[in-house]
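Asker: Just to be clear, the model below is a prediction. Sequence and coordinates:
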Amino acid sequence: PKEKYYSNIAPHLIQILQVKENFPGATAEGLKRVRVMSSVVEMIIGRMMHKEPKLTTQFIILPIAKPFQLFFTTSAEVKSNDSEDLMSGILITEEEISNSLNMLAKLVNGNPPPYQQQILSSLNPIIGPLFNLYCFTCRSSILNVRKQIESIMKQYFLSSDNASLILKRLFVPPSLLPQNDIIHSDTNGNADFSAGSNGGVVIRVNNNKKRDFEWESKCAVQLLSEMGNEGVNGDLFVDLLSIVLSSRGVEEEESNETNRMPLLSLIMKMMETFGQSILKNVVQVCTLLKSILDSNEEDEEMIPLAVALLSQILSGNGSKIQKEEEFLLDQLLPNLEILEGHEDPKLAQIVHLLIEKITSRDPSVFGTNPEDEQHKDAEYDIPSVLKDLQSELLPTRAYALVCLRKIVLKNGPKAEENLERFLGIFRDQMRHEDSFIYLNAIQGLMSLGDLFPEKVIINLLSFFVDPKHPELERLKLGEALLYVSKRCGETLPKYAPNLMNGFLAGTKDPMGSIRASSLSNLAELCKLMRFALHPYIREILECIFSVMNADKEREVRRGAVFAITLLLRGLGRDIFELIPDQLKALCIL
């Protein structure tokens, strides 16, 4: 059987591979013989890996990498034959680590593609400990070990199709990652790398071990810099932005918030180190910028970061903004105009300059002439829009939605003839999982709401309260309804009955997420309507009391608390006159 053959031959191959070239008393002829034998064994193992990757990994790669597998055991399972090492807390000696790295380096460097790539892929189970060793050598002066581990790490990530994903999993705090993205590479909490007495590295017991995420992220940037792969750098940068952005909206422990700070520092460090080369995916970066700037939170960290990112994109030091990317920047203008009045005068001045660059189509940044674009939208008709909405290219689809919105606004009252059709198109595009597509669809619904608020609100509410539609689609419709409501301004009370009835009905929906969304939307309406809220105040309070006392889902009850908070802010002192008999119940809640 193959398994028996591999188990028999593997120890002999490892033994030959382990022989050092600089052994004492070696002659020139002896050294040559060792090199030849080593090269032959490296080639044999490479071919074995190509033919039987599982068996080769089981009987050759994992035994060679045995020192690094210690991190997957518990301290109770660690044994040592050397009592002196055990007394000093050493679990793996310098010689064991040195031999392991030497053999791994020989296999990696001694095989051409595709054999090299397969050997590197077999290191997936121990990539966590290898990265930890790389980080340790970056901090110490153990140059011989650092040179070997750096070479292995560079080639591993250069050959990997998922380099950015793996790097992210290695140094981002687990509390900020989805559960399926966490690498459990350090189950032995007491094992740690340490400097050996002979100038090498050992693994010893460290009862005070604590991960330094900030240092690990700096080491990752250094490794990326050595690799020089712009694609990996850009993908990782966007992933980190997404992690930081998604972590803002979640109620976190204080330790999780502390873990977010090194990532913010890392993002700024990557911008300084790699410049505009990491911002080539303008669609992704602008989508994230839009999400940051659309947030209602006053985030002292994220707003300057967003402005710094946009400044880098518009610096003119890299490739110019293309025609199909210009609309992405135009979408940011309303947010930037708000930031132009920021309390920080330096930030406000930078934002003002950014607005000028976008609106004037600065030729040092944009690859097109504004005059060439004057007639573009005029030539863009509905059939062209519908065709481009079927495109697999996301920028093309998003641009088509922008053009459709412009057609709606240009036609004005005439668009009412095709209102149902336009609503259907924007609703369909809201189902798309890409945030920039559905956010542009929401923008389209907002434009229709500006022209025909009552009809649009009634249409969207009918879909929102209907349990037959998918949960995610209904949540997005709730978001769209809130945006339309905000744009109604002083005329909002006119449409309030429909909105109130719809959202109050949503608080009784079977889906907890819809109930929570309805309560959140009610809270925002309370804030917007202020003095016009009087006719609905008692019904809203009865709904909130009912949810607080009877609903079993935490998120729904949290939405009720949010509604109370904005209700009190909206009414102010008038609450004492409007609902004096309900104040006691509010205090008890």
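Answerer: Done, it's in.
Asker: When you work out contacts or count neighbours from here on, use the C-alpha atoms and nothing else.
Answerer: Fine.
Asker: Name the nearest residue to the most centrally placed residue in the chain, ignoring sequence neighbours.
Answerer: Centroid-nearest residue in the chain, with C-alpha atoms, centre = their mean: Ser242, separated by 3.0 Å. Using C-alpha to C-alpha, 6 or more residues apart in numbering and skipping the chain neighbours, the partner closest in space to Ser242 is Leu288 (7.0 Å).
Asker: Return the residues in contact with that neighbour.
Answerer: For Leu288, the contacting residues are 241-242, 245, taking C-alpha atoms under 8 Å, 6 or more residues apart in numbering as the criterion.
Asker: now do Ser225
Answerer: Contacts were defined as C-alpha under 8 Å, 6+ apart; by that measure Ser225 touches 273-274.
Asker: repeat that for 10 Å
Answerer: Going by C-alpha atoms under 10 Å, 6 or more residues apart in numbering, Ser225 touches 219, 233, 270, 273-274.
Asker: what's the distance between stretch 46-59 and the middle of its chain?
Answerer: Using C-alpha atoms, centre = their mean, to the nearest Å, the mean C-alpha position of stretch 46-59 is found 35 Å from that of the whole chain.
Asker: Render the CA-only coordinates of it in CSV, please.
Answerer: C-alpha atoms of stretch 46-59 as CSV (Å, rounded to 0.1, in the frame of the first residue of the first chain):
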residue,chain,number,x,y,z
GLY,A,46,8.8,17.6,-4.5
ARG,A,47,7.7,14.9,-6.9
MET,A,48,6.2,12.9,-4.1
MET,A,49,4.2,16.0,-3.0
HIS,A,50,3.0,16.5,-6.6
LYS,A,51,1.8,12.9,-6.8
GLU,A,52,0.5,12.2,-3.3
PRO,A,53,0.2,15.6,-1.4
LYS,A,54,-1.7,14.2,1.6
LEU,A,55,0.7,11.3,2.3
THR,A,56,3.8,13.5,1.7
THR,A,57,2.4,16.1,4.1
GLN,A,58,1.6,13.5,6.7
PHE,A,59,4.9,11.5,6.6
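Asker: Does Arg204 lie in a helix or a strand, and which?
Answerer: For Arg204, the host element (DSSP states H and E) is strand 201-205.
Asker: Which other helices and strands does that strand contact?
Answerer: Helices and strands touching strand 201-205, as assessed by 3 or more C-alpha pairs under 10 Å, 6 or more residues apart in numbering; DSSP states H and E, comprise helix 83-87, strand 90-92, helix 94-109, helix 127-139, strand 191-195.
Asker: Just the CA coordinates for the longest one, please, in CSV.
Answerer: Spelled out, it's helix 94-109. As requested, the backbone C-alpha atoms of helix 94-109 are provided in CSV (Å, rounded to 0.1, in the frame of the first residue of the first chain):
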residue,chain,number,x,y,z
GLU,A,94,17.7,25.7,19.3
GLU,A,95,18.9,22.7,17.4
GLU,A,96,15.4,21.4,16.8
ILE,A,97,14.1,24.7,15.5
SER,A,98,17.3,25.2,13.4
ASN,A,99,17.0,21.8,11.8
SER,A,100,13.3,22.2,11.1
LEU,A,101,13.8,25.6,9.4
ASN,A,102,16.9,24.4,7.4
MET,A,103,14.9,21.5,6.0
LEU,A,104,11.8,23.6,5.2
ALA,A,105,14.0,26.2,3.5
LYS,A,106,15.8,23.4,1.4
LEU,A,107,12.4,22.0,0.2
VAL,A,108,11.0,25.5,-0.6
ASN,A,109,14.2,26.7,-2.4
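Asker: What is the subsequent helix or strand relative to that helix?
Answerer: Secondary structure here is assigned by DSSP H and E; on that basis, the next helix or strand after helix 94-109 toward the C-terminus is helix 115-121.
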